[in-house]
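A.B. asks: sequence-free structure coming up:
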């Protein structure tokens, strides 16, 4: 078997293709969650905490006196813990959404499994029983 055909067989296995699709969808889903957190949730959290913007929480490590994170990074090293808070919040929201999705999928699987199955057809009568019935019926006619 040539290297090319081995690689093709490996790449076309169902698990590899499923994994690739999952990674692509996961990347897109991550971008959606990032947008939800940054554009929808963080503004409300900022308002709750008095208009604070977590993305600008930092500690300058090089003695700079910048007011925004971008300016501080240009001036030198910074400890950007506000960015970490945002990323951690993204993770918690993403984990919660995935948990809810898996919970719904499991609920659907349980309801499918609990659905009453169609009654099984009766097993065919064995040949020896049929023959004995024929003999019985024949004797009963005498």
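C.D. replies: That came in fine, so what should we check first? Keep in mind it's a predicted model, so treat the numbers as computed, not measured.

A.B. asks: in the host helix or strand of residue 107, which residues are buried?
C.D. replies: Assigned by DSSP states H and E, residue 107 belongs to helix 81-114. By neighbour count with 16 or more other Cβ atoms under 10 Å, helix 81-114 contains the buried residues 82-83, 86, 89-90, 94. Using the backbone N, CA and C atoms, a C-beta is placed for each residue, glycine as well.

A.B. asks: contacting residues for residue 55?
C.D. replies: 42, 69, 82-83, 86 (Cβ atoms under 8 Å, 6 or more residues apart in numbering).

A.B. asks: find the least confident helix or strand in this structure, judged by mean pLDDT.
C.D. replies: Across the helices and strands of the chain, mean pLDDT, DSSP states H and E gives its lowest value to helix 42-48, namely a mean of 78.

A.B. asks: which other helices and strands contact it?
C.D. replies: helix 81-114 (3 or more Cβ pairs under 8 Å, 6 or more residues apart in numbering; DSSP states H and E).
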